[in-house]
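Chemist: return atomic coordinates for the entry below.
(chains A and B)
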Amino acid sequence: MGREQTNKIRTRIAPSPTGDLHIGTVRTALFNYLFAKQNGGKFIIRIEDTDKERSTKEFEDDILEGFRWLGLKEDEFYRQSERTDIYKKYIQQMLDNGTAYISKEESKAEAGKEIEVVRLKNAGKKVKFEDMVRGEIEFDTTELGDFVIARSTEDPLYHLAVVVDDHEMNITHIIRGEDHISNTPRQILIQEALGITRPKYAHIPLILAPDRSKMSKRHNATSITEYRQKGYISSALINYMALLGWNPGTDKELFTLDELIKEFDLEKIQKGGAIFDIEKLNWFNREYMKKMSKAELLTEIEKYLPESYDISYEKLEKIISVISERMNVFGDIKKMASSGELDYYFKNPEYDRKNLAWKQDSDLKKVAEHLKKVASLLDGVDKNNFTQDEIKKAIWYYAEEKGKGSVLWPMRYALSGRDKSPDPFQLAEVLGKDETIYRLKNAINKIG
RNA sequence: GGCCCUAUCGUCUAACGGUUAGGACAUCGCCUUCUCAAGGCGGUAAUCCGGGUUCAAUUCCCGGUAGGGUCACCA
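Modeler: Sure thing, here's the model as predicted:
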């Protein structure tokens, strides 16, 4: 058989390429990965494409790309469609030892067509197994009947392929979603028919939608690709998902993948399903954004900025810190841009002149005076040292004397043309001395 | 419906018989402030219900209720 006998821990994720990489699959993969790695074992990806009708190469690529993006690197890779000879052998073995039989019946797929499916001879006994997160679970397998294990002697169905592969690949621990609990007795029956040793099982809770129903596209994005496109940071996603159904038993929440490998503990896995909370994910993403360097932020932000903006590298660099604290994910830049929230960084704003006056001090004549004074004060600041600190220093005394709102609101409005924006010092620094003074004069002219 | 699993703040969770039931997200208030964001400080908020066991139950047992999963010639 050429199978290497080893007592090292081996886990696997077995996605079927009939859809995009799902959040739940990723969480299961992550737990498998963490458990294998912390024990010096191997993590295996096995594409379960025995359903030729529904499996596609595109989905397979999406799944593999997703794992790569998340940094979950497999040690071994398999594709069930390439292993049909192996399954054939095992089917034959069951036929030979009488634990399975060929049954002539009408095809369910094609009415009227007679086919020969392979059914397991089920003695209908009670099957008991130990689940690492739930304890002992017992099933009466009578009601399962003689279930079908292969479409034909060479075309295995899921349960058979899984059992054979987990055995052939020496999988020691099967960590999978709770939805597989009721599949387990079936697979144990096949194992017993084949005389195969039973792996250890750990069924982890499902990820739920906000209404506690099964997570579907209706509620939130379920596909990892969507999160990637929205500009989530992969390590933030990993960190969040690790804490969905597991916790370290301490207050620590921020974990790198390596830290997770160290601290992960199968014993601490939750039994109940967990709702996927996008708000908390966003918080993690913001935390990870804070850890990024300016250069890293820059490359990310550039991906989402509309091309219509005329951006210099210098300006972009200054904007970064101002806008990063205003977003959850990089994709928010797109939204900010389309709502006009970023326009003032790139072009002279348009606005109604009456808005230049602060609501508590609406004398436009005085507004013009303040703006003139601010402009002349800023004129005295060194162009090459036009930082928010210097800017603030230059006008602070005047602003305090005349009333900060009366001076700063018009200044800020002249620069941004919006009720809500970053403070005038930040804006002025980003815009630079010339543009700042230009906009101030522009506002003064507007008043007349 | 049968079988199986689950049950602590709105959400993720801590507590492995004795705690003022802790933390985080969200939310609310205050501070900071020309506006927004960020930040700082503080508040509201939970053991599903009913029986046991025990000197003592969030914790152990049983029942109920609720939610979920699964009942394919899909995986």
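Chemist: who in the stretch 151-300 of chain A is up against RNA strand B?
Modeler: Listed as neighbours of RNA strand B in the stretch 151-300 of chain A under the rule C-beta under 7 Å from any atom of the strand: A:151, A:157-159, A:178-183, A:205-206, A:208, A:212-214, A:243-247, A:249, A:251, A:253, A:268, A:270-275, A:277, A:279-280, A:282-283, A:286. C-beta here means a position set from N, CA and C on the backbone, and glycine is covered the same way.
Chemist: from the residues you listed, which would you call buried?
Modeler: By neighbour count, with 16 or more other C-beta atoms under 10 Å, these hold A:151, A:157-159, A:178, A:181, A:205-206, A:208, A:243-247, A:273-274, A:282, A:286 as buried.
Chemist: so which of those are in strands?
Modeler: Secondary structure from DSSP state E places A:151, A:208, A:274 of these in strands.
Chemist: looking at the residues you listed, which is nearest RNA strand B?
Modeler: Distances from those to RNA strand B were compared by C-beta to the nearest atom of the strand; the smallest belongs to residue A:274, at 3.5 Å.
Chemist: what pLDDT does residue A:359 get?
Modeler: Residue A:359 carries a pLDDT value of 87.
Chemist: ok, the residue nearest the centre of chain A - contacts?
Modeler: Relative to the mean C-alpha position of chain A, the nearest C-alpha, by C-alpha atoms, centre = their mean, is the one of residue A:237, at 4.3 Å. Going by C-beta atoms under 8 Å, 6 or more residues apart in numbering, residue A:237 touches A:26, A:70, A:224, A:227, A:281, A:284-285.
Chemist: quick one: buried ones out of those?
Modeler: Buried, going by 16+ other C-beta under 10 Å: A:26, A:70, A:224, A:227, A:281, A:284-285, out of the contacts of residue A:237.
Chemist: so where's the stretch 101-250 of chain A shaky on pLDDT?
Modeler: By pLDDT under 70, the low-scoring segments of the stretch 101-250 of chain A are A:217-219.
Chemist: circling back to that earlier point, narrow the residues of the stretch 151-300 of chain A next to RNA strand B to those in helices?
Modeler: Counting by DSSP state H, those place A:158-159, A:279-280, A:282-283, A:286 in helices.
Chemist: just these now: which is nearest residue A:334?
Modeler: Of all these, residue A:282 has the smallest distance to residue A:334: 15.7 Å, by C-beta to C-beta.
Chemist: any idea how far that closest one is from residue A:328?
Modeler: From residue A:282 across to residue A:328, the span is 4 Å (C-beta to C-beta, to the nearest Å).
Chemist: rewinding a little: could you dump the ones in strands among the buried ones among the residues of the stretch 151-300 of chain A next to RNA strand B to a markdown table with distance to residue A:401?
Modeler: Output for those, formatted as a markdown table (distance: C-beta to C-beta, whole Å):
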| residue | distance to residue A:401 |
| --- | --- |
| A:151 | 87 |
| A:208 | 59 |
| A:274 | 57 |
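Chemist: next one: stretch A:299-316 to chain centre, how far?
Modeler: Computed by C-alpha atoms, centre = their mean, to the nearest Å, the chain-centroid distance of stretch A:299-316 equals 24 Å.
Chemist: how long is that stretch end to end?
Modeler: 10 Å (C-alpha to C-alpha, to the nearest Å).
Chemist: could you do stretch A:222-233 as well?
Modeler: 16 Å.
Chemist: how about that stretch, which residues are buried there?
Modeler: Quick answer for stretch A:222-233 (16+ other C-beta under 10 Å): A:222-224, A:227-228, A:230-233.
Chemist: of the contacts of residue A:237, closest to residue A:92?
Modeler: Nearest to residue A:92 among these, counting by C-beta to C-beta, is residue A:26 at 36.6 Å.
Chemist: how about the secondary structure of that closest one?
Modeler: Following DSSP: H, G, I helix; E, B strand; the rest coil, residue A:26 is assigned to helix.
Chemist: which ones are touching it?
Modeler: Going by C-beta under 8 Å, 6+ apart, residue A:26 touches A:66-67, A:70, A:72, A:224, A:237, A:241.
Chemist: can you tell me which of those is closest to RNA strand B?
Modeler: Among the contacts of residue A:26, residue A:241 lies closest to RNA strand B (C-beta to the nearest atom of the strand), at 9.7 Å.
Chemist: SS state for the closest one?
Modeler: At residue A:241 the chain is in helix, as set by three-state DSSP.
Chemist: surely it and residue A:27 touch.
Modeler: Yes: contact criterion C-beta atoms under 8 Å: residue A:241 and residue A:27 qualify, at 4.7 Å.
Chemist: in a strand, that's where residue A:176 is, yeah?
Modeler: Yes: counting by three-state DSSP, residue A:176 is part of a strand.
Chemist: quick check, it in contact with residue A:28.
Modeler: Yes: counting by C-beta under 8 Å, residue A:28 is a contact partner of residue A:176 at 5.9 Å.
Chemist: is residue A:11 in a bridge, and if so with what?
Modeler: Here residue A:11 sits in beta bridges with residue A:43, going by DSSP bridges.
Chemist: how many neighbours does it have?
Modeler: The number of residues packed near residue A:11 is 27, by other C-beta atoms under 10 Å.
Chemist: and what of residue A:123?
Modeler: Residues near residue A:123, counting by other C-beta under 10 Å: 11.
Chemist: can you confirm it is in a strand?
Modeler: No: using three-state DSSP, the assignment for residue A:123 is coil, not a strand.
Chemist: re earlier: identify the farthest-apart pair in the ones in helices among the residues of the stretch 151-300 of chain A next to RNA strand B.
Modeler: Across these, the longest distance by C-beta to C-beta is 43.7 Å; it joins A:159 and A:286.
Chemist: what segments of the stretch 301-448 of chain A are helices?
Modeler: Along the stretch 301-448 of chain A, the segments classed as helices by DSSP state H, counting those that start in this stretch run A:313-324, A:332-338, A:343-346, A:364-379, A:388-402, A:404-416, A:424-431, A:433-447.
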